[in-house]
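In: just to be clear, the model below is a prediction. Sequence and coordinates:
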Amino acid sequence: TERTFSILKPDATRRNITGAVNALIEGAGLRIVGQRRIQMTKAQAEKFYEVHKERPFYGELVEFMTSGPVVVQVLQGENAVAKYREVMGATNPAQAAEGTIRKQFAESVGENTVHGSDSQENAKLEIAQFFQDSDLTA
Ligand code: GTP
Ligand code: MG
């Protein structure tokens, strides 16, 4: 079994659809083993998205991620990293497959409802940014 890190982004909390998104997550066989609703600080968002620092949308991305509350989560299951990427769908909702979270809910390539780690290594680093091991229980 494996763990991945997830964020329900501000467009999800704003529209009050966190339960609907969680239903898709759980429906895919992923277990939410840790979950907290927080207001990200600018410093937290900048650090979290540091890999995108040189991208033209970095400022917009940090602005968006701090524009309202988010729900940070740890998901556990078989191949959790790859499975969650599949459930999320493509970054751009226009390209997301039928049945995915982003196809159903995302508003644009920027406001795309969810984040999921892109590797097991990043999952560990991202989880550690927001959770202590003692917060997580399957
Ligand atoms: P995450 O799970 O959020 O990391 O999404 P991803 O891995 O599918 O995409 P990527 O890591 O390439 O980009 C990170 C985030 O930056 C995306 O989820 C979007 O919120 C945002 N983003 C990516 N491309 C664009 C863009 O062209 N414009 C804007 N405004 N935001 C973008
Ligand atoms: Mg990414």
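Out: Happy to help now that I have it. Ligands and ions are numbered 1, 2, ... in the order given.

In: show me where this protein dips below the pLDDT cut-off.
Out: Counting by pLDDT under 70, the chain contains no low-confidence segment.

In: tell me where it has helices.
Out: 10-14, 18-27, 42-48, 58-65, 80-88, 101-105, 120-130 (DSSP state H).

In: want to throw those into a markdown table with distance to ligand 1?
Out: (C-beta placed from N, C-alpha, C; glycine too.) Shown next, in a markdown table, are these (distance: least, CB to the nearest ligand atom, whole Å):
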| stretch | distance to ligand 1 |
| --- | --- |
| helix 10-14 | 9 |
| helix 18-27 | 13 |
| helix 42-48 | 9 |
| helix 58-65 | 5 |
| helix 80-88 | 7 |
| helix 101-105 | 8 |
| helix 120-130 | 9 |
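
In: so for residue 2, which of those sits nearest?
Out: helix 80-88 (4.2 Å; CB to CB).

In: who are the packing partners of that closest one?
Out: strand 2-8, helix 18-27, helix 101-105, strand 114-116, helix 120-130 (3 or more CB pairs under 8 Å, 6 or more residues apart in numbering; DSSP states H and E).

In: I'd like the ones you listed as JSON lines, with mean neighbour count and distance to residue 41 appended.
Out: Shown next, in JSON lines, are those (neighbours: other CB atoms under 10 Å; distance: least, CB to CB, whole Å):
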{"stretch": "strand 2-8", "mean neighbour count": "24", "distance to residue 41": "14"}
{"stretch": "helix 18-27", "mean neighbour count": "16", "distance to residue 41": "20"}
{"stretch": "helix 101-105", "mean neighbour count": "20", "distance to residue 41": "25"}
{"stretch": "strand 114-116", "mean neighbour count": "23", "distance to residue 41": "16"}
{"stretch": "helix 120-130", "mean neighbour count": "16", "distance to residue 41": "12"}
